[in-house]
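Trainee: Give me coordinates for this.
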Amino acid sequence: MPTKHLCNNAFLIRIFINNYAANMPIAWLKGDIMIVHLVFFRWKKGTKNSDVEKIFSDIRALKKKCEGIIGLRCGKNFNNHAHDYTHGLVVSFKDKKSLSAYNSHPEHKKILRDIERIEEHVMVIDLVDHHQ
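Mentor: Residues are numbered from 1 along each chain as shown. Below you'll find the predicted structure:
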């Protein structure tokens, strides 16, 4: 991957983290670590907005079904630095165990199958954020 793309991907991640951290619960802001799950989506040509919105609606519902989710945000990209990634998802978890439970949840697996039908490319990054 060219260096330019690596820098731009790092830029995308930094924007997501900076904008997302402003909305974290006070309990997390006391210096705890947090697991951050970032997903960037590029859909196949001809994908219907209604299909994307259904997927995001189903993802939002997981917040009430999976323990350990601190926050969940998803939506459409509005800048021109994203290399054709049109949508993003940021989910924060209290620990790696919570991320693992989310990934193995039956409803999450169903959503993944729905995503695979319409995705051109998906980039996933999981990181540990040590909030200072």
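
Trainee: Mind telling me what element the residue lying closest to residue 39 once chain neighbours are set aside is part of?
Mentor: Leaving aside its sequence neighbours, residue 39 sits nearest to residue 89 (CB to CB, 6 or more residues apart in numbering; 4.1 Å). Every C-beta, even on glycine, is put in place using the N, C-alpha and C of the backbone. In the assignment (DSSP states H and E), residue 89 maps to strand 87-93.

Trainee: Identify the residues contacting that strand?
Mentor: 12, 16-17, 20, 24, 28, 34-41, 43, 52, 56, 59, 68-77, 99, 102, 129 (CB atoms under 8 Å, 6 or more residues apart in numbering).

Trainee: circling back to that earlier point, in the sheet, who's paired with the residue nearest to residue 39?
Mentor: residue 39, residue 74 (DSSP bridges).

Trainee: Look at it and say how many residues are nearby.
Mentor: Here the number of neighbours of residue 89 (other CB atoms under 10 Å) works out to 20.
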